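# model this:
(2 chains)
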There are 2 protein chains.
Amino acid sequence: MAATRKTAKKTGTKKKARSREDATSMAARQRDISVSEFFTKNRHLLGFDNPQKALLTTIKEAVDNSLDACEEAGILPELMIEIMEMGPERYRVAIQDNGPGIVKAQVPKIFGKLLYGSKFHRLKQQRGQQGIGISAAGMYGMLTTGKPVRIFSRTGKRKQAHQFEVAVDTKKNAPVVSKDDVVEWPVDHGTRVEIELEATYKKGRRSVDDYIEQTALANPHATIFYYPPKGEAVQYPRVSPELPKEALEIKPHPYGVELGILMRMMKETQGKHLRSALQQDFSRVSGAVADRIIEEAKLSPKARPKSLNANQLEALFKAIPKVKVLAPPTACLSPIGEELLARGLDTRIPSDFFTAVTRPPAVYRGNPFQIEVGLVYGGEQPADELVTLYRFANRVPLQYQQSACAISKSVLGTDWKKYGLQQSRGALPTAPMSVVVHIASVWVPFTSESKEAVASYPEIIKEIRLALQEAGRRLATFVRKRRREADELKKRAYIERYIPHIGDALGDILGFSERKKANTVSNLKTILERSRKMG
Amino acid sequence: MAATRKTAKKTGTKKKARSREDATSMAARQRDISVSEFFTKNRHLLGFDNPQKALLTTIKEAVDNSLDACEEAGILPELMIEIMEMGPERYRVAIQDNGPGIVKAQVPKIFGKLLYGSKFHRLKQQRGQQGIGISAAGMYGMLTTGKPVRIFSRTGKRKQAHQFEVAVDTKKNAPVVSKDDVVEWPVDHGTRVEIELEATYKKGRRSVDDYIEQTALANPHATIFYYPPKGEAVQYPRVSPELPKEALEIKPHPYGVELGILMRMMKETQGKHLRSALQQDFSRVSGAVADRIIEEAKLSPKARPKSLNANQLEALFKAIPKVKVLAPPTACLSPIGEELLARGLDTRIPSDFFTAVTRPPAVYRGNPFQIEVGLVYGGEQPADELVTLYRFANRVPLQYQQSACAISKSVLGTDWKKYGLQQSRGALPTAPMSVVVHIASVWVPFTSESKEAVASYPEIIKEIRLALQEAGRRLATFVRKRRREADELKKRAYIERYIPHIGDALGDILGFSERKKANTVSNLKTILERSRKMG
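Predicted structure coming up:
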């Protein structure tokens, strides 16, 4: 540690003359931080930590919004995604849809203000949920190229089309509109978003190409035209002529509500009496259920919700889990479905075996969710590499932060040896296999605003495991056979390895002739083979 | 897939009567989302995803603030951490320090408003940096117990002590003060924060106990009294009588600034002329450097920064990387130091070998940072398990999201086989070893607001690797010796395994007597041993 000590002197803890602070001088520096400033500095939280990812995130946010809007308006989505190279490390992306368009007055805030949107306050399966994504993408574009977002939008044949240029004032988190014109736009209804940003375009795993292909897989009802910066345009035609089952909005479930939320809900309820308030504001709370809760809490059904005091509210809160309430309605979920999932995989990855499992809906923190798993084994897939894992949340492919994701953790946490696969401690199984996991929920708990990984709620991990285990069992018999063959070869190798030594050894000990040695050795092999097969 | 089809019908894509939306009905639902609402719903982003973690996060945020305040005021920290059990799944934590206290007027906003603080806008090595943590902890307490945060604070002997009760109005993200009194408080100066919350207390890995012990390790200048909910109080006495080298605030470095930031800086600069603006607002920009940048950008030194247009600003931006600018000053960093780090480890984990490496400072996105690594090998540590990894950022132990962390990725990404350790693909090495990695920076890029994992900036990963490799080389010779012994045993085992078969085989082939067989077998062993050692 001699070297250490020397360095320690340099980097060590020598005292210095200091201009130290006190409470007053420190108070003088206290300031508001705008959410835009926060995310500008923490842009990696939104998925803008490097130029390649920035390109993907920008496109992803726009595509999420387009698909959500189309489905909400009952329109079969037709998307156009364009990436134009504008210079070194500089691209302009354009995402255009045939959706319902955006009302003129809303455009500036939707694209020029973080934490603004229609999805955050609803319990409904949607791709977007935060009200951050697209405005953050615009903010990143402005940050790296100084160019505002350009938006074209038209809400109907008989309406005018509008063109906007919008940027975010990061200090105020407010939109700055630099252009707002009526324009000729040869589209009946829809929205087009153009963002110029510093980025790099790469092919291969986690590329935009890859993301768009997976998006097509998870959205068989959408048609996607994709124009990459170089090379041929790609078209993913619609494979299912029907919109997915519409996901309906639901009210919060009593089991998922915290005391603080309950307090606020009772303060803001429209219900005159406690009984009606509970009935109106929660899902699955009938008059009878409301009565039981109120009785359990030793309160009066006629009590005015707004006038309940802290202790009464806590009593109400503690009463809820004691009363049996039906699980939340699951009409709010719209899974891909085993058949479409399996069919999609089968066509995408040629294999020797495939299967798909859709679990029944479950609940975490009062939020319904549903897990789907698909397995594809064999075919051209490499046998000596870790399995390929495809993660989807509300039909959106997740491409980064795999190791942080509850989905990956569940795959790691599953004992694949039980199903005849190799797996080293703390790693994915090694097999010629691809695994697809999809979580559909009214509120997917992501580990960060960039929505790249699912947070590890125990209920979610459990459901994924159950789905994986079911798929694993189906896989097991098939795999075991292959596995046995591999073992055979390994054992044989050991023997081959020692036979020569033995030959020489016999030579030395018994002074065999070369011929006799060769003879004995070959006999040895035969017998060892036999004994091996028996033991 | 027969079973599949059946299920598919249930979960499938049947069409339904729908009440579809259009742009107008959708516009009606667009709303602001307050940052408090956002983090209430996304509380796992802040580290409140389960009751055990909630307890840790709450204490962590308060401790970070206490240590930062003490160091900034030049006070050797003396912390008291108390956890009181208030009922099933309900605890009250109290964190008290001997810091400078908080000015009365600031208390409500600091504890009752998210995104408010003194640290976000400064480039300085601090534990806190976001202005979210402590108010979020209070918000979680309110959410789960309905109780506001209680604060005691006193800024000096001659000042009165104040007691506050503060909560967050999540709709407005604004403080609600329910108590504000002058109180008798037998403390000269300091702050005490009390938060009641739903939580669980557990011992073992990633426990609060564990966190506090690691905090003591990384802050040898602090004294910590810890009162767990059950069992003995623990004291971690100060082991170094000196405050760490003070980390100084620096200005942004030109190489780290983006176009958008540069634009804003030029708009807000105090500098009258471009030349003085660059000199004043950036670190390492002398008059000469400023001149070179301005010349490269074909602008005039006398130009008024506020009146530069987009093209001129872009020219300025593009000029910066073409001019040589010194790396940012590193007085803003305060690493633990090899000696203290090694000493701390040695006393904490009895071992056969240990070493510590402190890298010279480096830069990512213009932010200086510095990596330290410590290795402890052997001793009582289990040989057949993955190594234990301890992660620190600005002296704060990181306990969750290990797999998402640039630190872990660097450890995984290092080829430990080179240093004689076992390592299976995609996993930590398997060895009787503990690894400590510390990143000190003016701005640690965390993967989420909960500050549990470091984002994967290539410069950071590279520095960690270099430090690990240096430590690994020192470790290698020592480990190789052990490794060789293990291999010996394994080879021997193979032979033992086949000798019996050979014995029988010889019996069959050459019709040996038992005695002769035994003889030959033992000779065989000797010779095989020899041949093994040779090859």
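
# May I have the predicted confidence score for A:Lys230?
On the pLDDT scale, A:Lys230 is placed at 89.

# Spatially, which residue comes closest to it, not counting chain neighbours?
Sequence neighbours aside, A:Glu85 is the residue nearest to A:Lys230 in space, at 7.6 Å (criterion: C-beta to C-beta, 6 or more residues apart in numbering or on different chains). C-beta here means a position set from N, CA and C on the backbone, and glycine is covered the same way.

# Quick check: bridge partners of that neighbour?
Counting by DSSP bridges, A:Glu85 is bridged to A:Tyr91.

# so it makes contact with A:Val93?
No: in this structure, A:Glu85 is not within contact of A:Val93 by C-beta atoms under 8 Å, at 10.7 Å.

# So for these two, which residue has more residues nearby?
Taking other C-beta atoms under 10 Å in any protein chain shown, A:Glu85 and A:Val93 do not tie; A:Val93 has more neighbours (23 against 14).

# Next up, the contacts around the more buried one.
A:55, A:58-59, A:62, A:81-84, A:194-195, A:197 (C-beta atoms under 8 Å, 6 or more residues apart in numbering or on different chains).

# can you rerun that using 7 Å?
With contact set as C-beta atoms under 7 Å, 6 or more residues apart in numbering or on different chains, A:Val93 has these partners: A:58-59, A:82-83, A:195.

# How about A:Gln125?
A:247, A:332-334, A:394, A:440-442.

# Please report the distance of A:Gln163 from A:Glu85.
According to C-beta to C-beta, to the nearest Å, A:Gln163 stands 23 Å off from A:Glu85.

# and what of A:His189?
Counting by C-beta to C-beta, the gap from A:His189 to A:Glu85 is 30 Å.

# Run a quick neighbour tally on the residue nearest to A:Val444 when sequence neighbours are not counted.
Closest residue to A:Val444 in three dimensions, ignoring its sequence neighbours and counting by C-beta to C-beta, 6+ apart: A:Ala393, at 4.6 Å. Applying the criterion other C-beta under 10 Å, we find 25 residues in the vicinity of A:Ala393.

# For A:Ala393, list each beta-bridge partner.
Judged by DSSP bridges, the bridge partners of A:Ala393 are A:Val396, A:Ile439.

# My read is that A:Ala404 contacts B:Ala406, right?
No: the pair A:Ala404 / B:Ala406 is not scored as a contact, 11.7 Å apart, by C-beta atoms under 7 Å.

# What lies in contact with stretch A:507-520?
Taking C-beta under 7 Å, 6+ apart as the rule, stretch A:507-520 contacts A:503, A:506, B:509, B:520, B:523, B:527.

# Same question for stretch A:471-485.
Outside of stretch A:471-485, the residues within contact range by C-beta under 7 Å, 6+ apart are A:353, A:355, A:357, A:373, A:375, A:377, A:414, A:416, A:418-421.

# Can you redo these as a markdown table, where the extra columns are distance to A:Leu114, secondary structure and pLDDT?
A markdown table is the format used below for the contacts of stretch A:471-485 (distance: C-beta to C-beta, whole Å; DSSP: H, G, I helix; E, B strand; the rest coil; pLDDT from 0 to 100):
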| residue | distance to A:Leu114 | secondary structure | pLDDT |
| --- | --- | --- | --- |
| A:Phe353 | 46 | strand | 90 |
| A:Thr355 | 42 | strand | 91 |
| A:Val357 | 38 | strand | 94 |
| A:Val373 | 35 | strand | 96 |
| A:Leu375 | 39 | strand | 94 |
| A:Tyr377 | 44 | strand | 93 |
| A:Thr414 | 38 | coil | 94 |
| A:Trp416 | 42 | helix | 94 |
| A:Lys418 | 46 | helix | 91 |
| A:Tyr419 | 45 | helix | 92 |
| A:Gly420 | 49 | coil | 87 |
| A:Leu421 | 44 | coil | 90 |
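
# now the residues you listed in CSV, with neighbour count and distance to A:Arg275?
Output for the contacts of stretch A:471-485, formatted as CSV (neighbours: other C-beta atoms under 10 Å in any protein chain shown; distance: C-beta to C-beta, whole Å):
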residue, neighbour count, distance to A:Arg275
A:Phe353, 15, 56
A:Thr355, 23, 48
A:Val357, 25, 42
A:Val373, 28, 42
A:Leu375, 26, 49
A:Tyr377, 23, 55
A:Thr414, 23, 46
A:Trp416, 22, 52
A:Lys418, 12, 51
A:Tyr419, 24, 52
A:Gly420, 19, 57
A:Leu421, 24, 55
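
# Check the average confidence over the longest helix along chain A, would you?
Longest helix of chain A, by residue count under DSSP state H: helix A:458-510. Average pLDDT, helix A:458-510: 82.
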